[in-house]
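**Q** A predicted structure for the sequence below; I have some questions about it.
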Amino acid sequence: MSQAANTGIQERPAPMSPARTTSLSTKALPRWAPFAFAAVAIALGVGTGIAAGWQSRTQWGLVSALLFVVISYVTTSVVENRRQAKDRLATSIVWVCFLLAVVPLASLLWTTISRGMERLDGYFLTHSMAGVLGSEATGGVYHALIGTLEQVGIATLIAAPIGMLTAVYLVEYGKGALAKAVTFFVDVMTGIPSIVAGLFILSIMLMTKTQPSGLMGALALTILMMPVVVRSTEEMLKLVPNELREASLALGVPKWRTILKVVLPTAIGGITTGVMLAIARIAGETAPIMLLVFGSQLINTNPFQGAQSSLPFYIWEQYKVGTDQSYDRAWAAALVLIAFVMILNLVARGIARWKAPKTGR
Amino acid sequence: MASTTPIDKPPAPPVALKRAGTKSGRVGDKVFLGLSRGSGILLLVIMASIAVFLTYRASIAISKNEGNFLTTFDWNPAGDPPVFGIAVLLFGTIVSSVVAMAIAVPVAVGIALFISHYAPRKLAAPLAYVVDLLAAVPSIVYGIWGALVLVPYLEGPNLWLDQFFGWTYLFDKTEVGVARSLFTVGILLAIMILPIVTSVSREVFLQVPRMNEEAALALGATRWEVIRLSVLPFGRSGVISASMLGLGRALGETMAVATVLSPSFIISGHLLNPGGGTFAQNIAAKFDEANEYGRDALIASGLVLFILTLLVNGAARLIIARRKEYSGANA
């Protein structure tokens, strides 16, 4: 861990002149010092925790972290000097930050996987919630899976072409006020909260007296997906070397064919990645589904009519029921959702690495 | 023939090529340009219509509202007369987001520095990858984790805060009850926005000109001094915009808040007390029972949230755009 810290510049003068080496190296702490500090801090933290009878392990960790920082600062400023002490203080704070962040995130993944495995099986994936009471340990996510796939599918069919065309416009044609405005508003659109996108479609539904359906949810997801696709496609198109475009144009190929046959195929790996990451993002959206799709316990394969469900909405529903059995179902569905999103992410990043455009540098 | 009259020959093929090429080319180019420009315009139209439709429905709701929309501490659009106001929601949204920022930004900068400057080389790349993956965890999963795991865990630390920092008023827990407070929401939001703030900050830290860092090292600076002298000044605007992107997320987060918070229509400075509400949480909680007018009222509160996030995100983007202009030298 601290090899990197100790191979810094301050050790390099050592072999240069023996006379200086002594004065520089006498006051250095050994390499294992941070480990020793950590061990002492954790021991003291746990000791205090037990002595004071704190229930929560979080407190033990916080006390240990604080002690670690204090011990390493004080020891270093005594043994070495103030500058080294500050350096070590910064190093330990950075390490503590990292550990602080890892704990909740690891806990999240661990809980989801361990709790989710309890209920996740073939039955859970192939049955709906029709006629299942909150306190019964049966039922499944089949209807929600269908809903998610259909809504996300429709959203992708609409958002991906529009997003890609917009990106082509921005990179290949875009100059002037319109392109600037589109760039800025795509950025702003990325930050629209999902519930606001839901409310927008809801206001249209209120005016046209439309009933909730999977399609309405998909439209809200489209709004959330488009800017993500635009941004990632744009980045990828910018990576395509200009020489390729120029070569194609010099051969007399019209611009639109150059874009379709040369530019897009070169960047297709990155574009696919971007679209898949966007799908992963919208697959986890709950708020618009809650407002627009209404939720259903039954299997409804028609996204254009009638209420549907979706995986994230199913988790929310089961959480609200509030029985042990429904919590189990919620965790199992959360595991399905996380697995879906993570697999999409991993595959997308795999494609990106595999098909990365050669930039010629 | 061709070889004997090289001067006469060349003009012929270009003419033929030009005719064939440009006709289909021109039509194709026009169609393609039209399609792509049309998509761009469609995006602008959507943004504009979001603003227009929300404003229209909100104006219907506000015109019938008997209370003051900005200062009323109540949400009862179904009542007679209908009374609702966003005071509590605005307060709760801002407080929970500020708590989230106060926790997430320093920690995220720490992690970003860890990945870019402290972690062993072999660890850095996978770590960055994991951080990016975590940004993909759906908010509802954070929500049930927050409600079922984090809330029970935080009871101890909350008592502790009350015991030692109760004198600050903010951490004075005057009501008993589980930790379904704005403070807990803030912690959960902080965990949720950590990945995004981290990955944007890391990108910026990695762009610091190598020469600046090496110059500092050559002058005998310790690692911390290198960071303070060359990395942080260079990355400051990037970190600010990253935090504002995170703030935008925190402001609009729905499910995580809806699962964790036990809502009430009061404004209290005691952050550890259960109660309060945020825009998005209120919409999620009140939607089921709302009639058409109630939905308009919720749309009105959504409009305020929309404007809030628009301002925050717009500001973040402007900072990034300004920064791009003068950091072009090292591209």
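**A** In hand now; what should we look at? Numbering: from 1, shown residues only, chains lettered A, B, ... in the order given.
**Q** Tally up the residues packed near the residue in the stretch 201-331 of chain B positioned nearest to chain A, please.
**A** Of all residues in the stretch 201-331 of chain B, residue B:252 sits closest to chain A, at 2.3 Å by CB to the nearest CB. C-betas here are computed from N, CA, C, even on glycine. By other CB atoms under 10 Å in any protein chain shown, 29 other residues sit near residue B:252.
**Q** do residue B:169 as well
**A** Going by other CB under 10 Å, the residues that sit close to residue B:169 add up to 10.
**Q** From residue B:107, how far out is it?
**A** 25 Å (CB to CB, to the nearest Å).
**Q** And for residue A:150?
**A** 39 Å.
**Q** in chain A, which residue is closest to the centre?
**A** residue A:281 (7.8 Å; CA atoms, centre = their mean).
**Q** Show the contacting residues for the residue nearest to the residue of the stretch 201-331 of chain B closest to chain A when sequence neighbours are not counted.
**A** Excluding the flanking residues, the one nearest residue B:252 by CB to CB, 6 or more residues apart in numbering or on different chains is residue A:193, at 2.3 Å. Taking CB atoms under 8 Å, 6 or more residues apart in numbering or on different chains as the contact definition, residue A:193 lies against A:287, B:251, B:252, B:253, B:254, B:280, B:305, B:306, B:309.
**Q** quick one, phi psi at residue B:69?
**A** With angles defined as degrees, to the nearest 10, residue B:69 sits at phi -60, psi -30.
**Q** Tally up the residues packed near it, please.
**A** So residue B:69, with other CB under 10 Å, has 18 neighbours.
**Q** measure it to residue B:283 for me?
**A** From residue B:69 to residue B:283 the distance is 15 Å (CB to CB).
**Q** Ok, residue A:214 next?
**A** Distance from residue A:214 to residue B:283, by CB to CB: 21 Å.
**Q** cool, and residue A:252?
**A** Distance from residue A:252 to residue B:283, by CB to CB: 57 Å.
**Q** These two: which has the busier surroundings?
**A** residue B:283 (29 against 13).
**Q** does the more buried one really touch residue A:194, like I thought?
**A** No - the criterion here is CB atoms under 8 Å, and residue B:283 misses it with residue A:194 at 10.9 Å.
**Q** Residues that sit against both of these two, list them.
**A** A:287, B:254.
**Q** Please, which helix or strand holds the residue lying closest to residue A:141 once chain neighbours are set aside?
**A** Take residue A:141 and drop its neighbours on the chain: the residue closest to it by CB to CB, 6+ apart is residue A:333, 5.1 Å away. Using DSSP states H and E, residue A:333 falls within helix A:324-354.
**Q** residue contacts, residue A:120?
**A** With CB under 8 Å, 6+ apart, residue A:120 has these contacts: A:332, A:335, A:336.
**Q** So which of these wins on neighbours?
**A** residue A:332 leads the contacts of residue A:120 on contacts (other CB under 10 Å) with 25 neighbours.
**Q** pLDDT weak spots in the chain?
**A** In the absence of a named chain, this looks at chain A. A:1-27, A:54-58, A:356-361 (pLDDT under 70).
**Q** switch to chain B, that's the one I care about
**A** B:1-25, B:323-331.
**Q** And the strands in the stretch 1-150 of chain B?
**A** With strands called from DSSP state E, counting those that start in this stretch, the stretch 1-150 of chain B shows them at B:75-76, B:83-84.
**Q** could these go into TSV alongside distance to chain A and mean neighbour count?
**A** Formatted as TSV, those follow (distance: least, CB to the nearest CB, whole Å; neighbours: other CB atoms under 10 Å in any protein chain shown):
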stretch	distance to chain A	mean neighbour count
strand B:75-76	16	22
strand B:83-84	15	23
